[in-house]
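> Predicted model and sequence follow; I will ask about them next.
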Amino acid sequence: MSWVKFTKKGIYCVPGKFYLDPWLPVKHAVISHGHADHARWGMRHYLCQDATKPILLHRIGADISVESMPYGAQRTINGVAVSFHPAGHLIGSSQIRLEYKGEVWVFSGDYKVKDDFLSTPFEAVKCHTFITESTFGLPIYKWLEENELQQQLHNWVTLNKENNRTSVFLGYSLGKAQRLMKLLNGLDQMYVHSAIDNINNAIDSAGISLPPTQRLESDFNKKDLEGKIVILPPALLGSKMLKRLPNAATAICSGWMQVRGNRRWQSVDAGFAVSDHADWDGLLNAVKSTEAEKVYVTHGSKATFSKYLNEIGIEAEEIVTEFGEEDDTAKDETNQSSI
Ligand SMILES: [Zn+2]
Ligand SMILES: [Zn+2]
């Protein structure tokens, strides 16, 4: 019988008596990263990687009980060795490795295999059983190299500037926003929404330096923003605030942009496929490099991806979890702020 179980509260380590990214309140939760579908409110105790700690304190509450460890350090909980390994998805994001009586399981959380030069790059961890996400587990998903993507974004900003337009990027406040800051760094002055600025401050308190930005105050001067760069959470699309920005050209940045005609976003001027998840090849390479004998697939295109793995001789099975396809559904802090 397996010592890791898929339960209605989340992925449960039986001998360790703890859950991995549970979606219902439990006593002990080990957390892969700070996104709202993985790090939820209501756990008695949280354990996460060091850089994730200030993010949890900011997003879930300053009064939660949370302990953290650096990447690679090991802690034994009821006979189970637990460690965090870089997932490359965003700052602090981790794969969680569990070892019990010589058997190793790795839970990927969300991951990206391409280096974004911001989060610690993904590291393949050998294991017997690998639980992988498959948000973009279809062969149509193939991301550009980081320098090509950067060129695309730079060209767009330059074009906007020539037309006296403000370049407004819409991206989630945790992960996507910092990624955009990195990609656009040095091009022009960057203004970020307060929800993003608050997350940046939390990341800063973990001792990680981010590109310089200015907080977009509610009484901003239109003249100051002309031709500049503004980063906002996607929930602000159609907001009064966006309408007040001078001559705004808007762009949504999401992996879903690879597929044309994503109807939800027809009101924007541009779409860029910027994703913090692995693309099809990235997922395949990651799975292969773990050398796992058994793979459990969750998130997104799990049916297609697990079917393909079985076809190429890797035993795979779909599992049902309550992780969102966060590029689409993650909650953001936007409503907490007034702008
Ligand atoms: Zn995530
Ligand atoms: Zn997720």
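Done, it's in. Ligands and ions are numbered 1, 2, ... in the order given.

> So which residues on the stretch 51-200 of the chain come close to ligand 1?
Residues of the stretch 51-200 of the chain lying close to ligand 1 by Cβ under 5 Å from the ion are Asp110. The way it works is simple: take the backbone N, C-alpha and C, and place the C-beta from them, glycine included.

> Show the residue spans covered by the helices in this protein.
In the chain, the helices defined using DSSP state H lie at 53-59, 146-162, 176-184, 194-205, 222-225, 240-244, 280-290, 302-311, 326-329.

> and the ones you listed as CSV, adding mean neighbour count and mean pLDDT?
Output for these, formatted as CSV (neighbours: other Cβ atoms under 10 Å; pLDDT from 0 to 100):
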stretch, mean neighbour count, mean pLDDT
helix 53-59, 22, 97
helix 146-162, 15, 96
helix 176-184, 24, 97
helix 194-205, 20, 97
helix 222-225, 13, 90
helix 240-244, 12, 90
helix 280-290, 20, 98
helix 302-311, 18, 95
helix 326-329, 18, 46
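
> I'd like these laid out as JSON lines, including distance to ligand 2.
As requested, the helices of the chain are arranged in JSON lines below (distance: least, Cβ to the ion, whole Å):
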{"stretch": "helix 53-59", "distance to ligand 2": "14"}
{"stretch": "helix 146-162", "distance to ligand 2": "21"}
{"stretch": "helix 176-184", "distance to ligand 2": "13"}
{"stretch": "helix 194-205", "distance to ligand 2": "17"}
{"stretch": "helix 222-225", "distance to ligand 2": "33"}
{"stretch": "helix 240-244", "distance to ligand 2": "27"}
{"stretch": "helix 280-290", "distance to ligand 2": "14"}
{"stretch": "helix 302-311", "distance to ligand 2": "12"}
{"stretch": "helix 326-329", "distance to ligand 2": "5"}
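
> Select, out of these, the one closest to Thr129.
helix 280-290 (9.0 Å; Cβ to Cβ).

> and that closest one, C-alpha only, in PDB?
Coordinates of each C-alpha in helix 280-290 appear next as PDB, following Å, rounded to 0.1, in the frame of the first residue of the first chain:
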ATOM      1  CA  TRP A 280       5.100  20.500 -23.800                       C
ATOM      2  CA  ASP A 281       8.800  19.700 -24.300                       C
ATOM      3  CA  GLY A 282       9.700  21.100 -20.900                       C
ATOM      4  CA  LEU A 283       7.200  18.800 -19.200                       C
ATOM      5  CA  LEU A 284       8.400  15.800 -21.100                       C
ATOM      6  CA  ASN A 285      12.100  16.500 -20.400                       C
ATOM      7  CA  ALA A 286      11.400  17.100 -16.700                       C
ATOM      8  CA  VAL A 287       9.500  13.800 -16.400                       C
ATOM      9  CA  LYS A 288      12.200  11.900 -18.200                       C
ATOM     10  CA  SER A 289      15.000  13.400 -16.100                       C
ATOM     11  CA  THR A 290      13.400  12.300 -12.800                       C
END
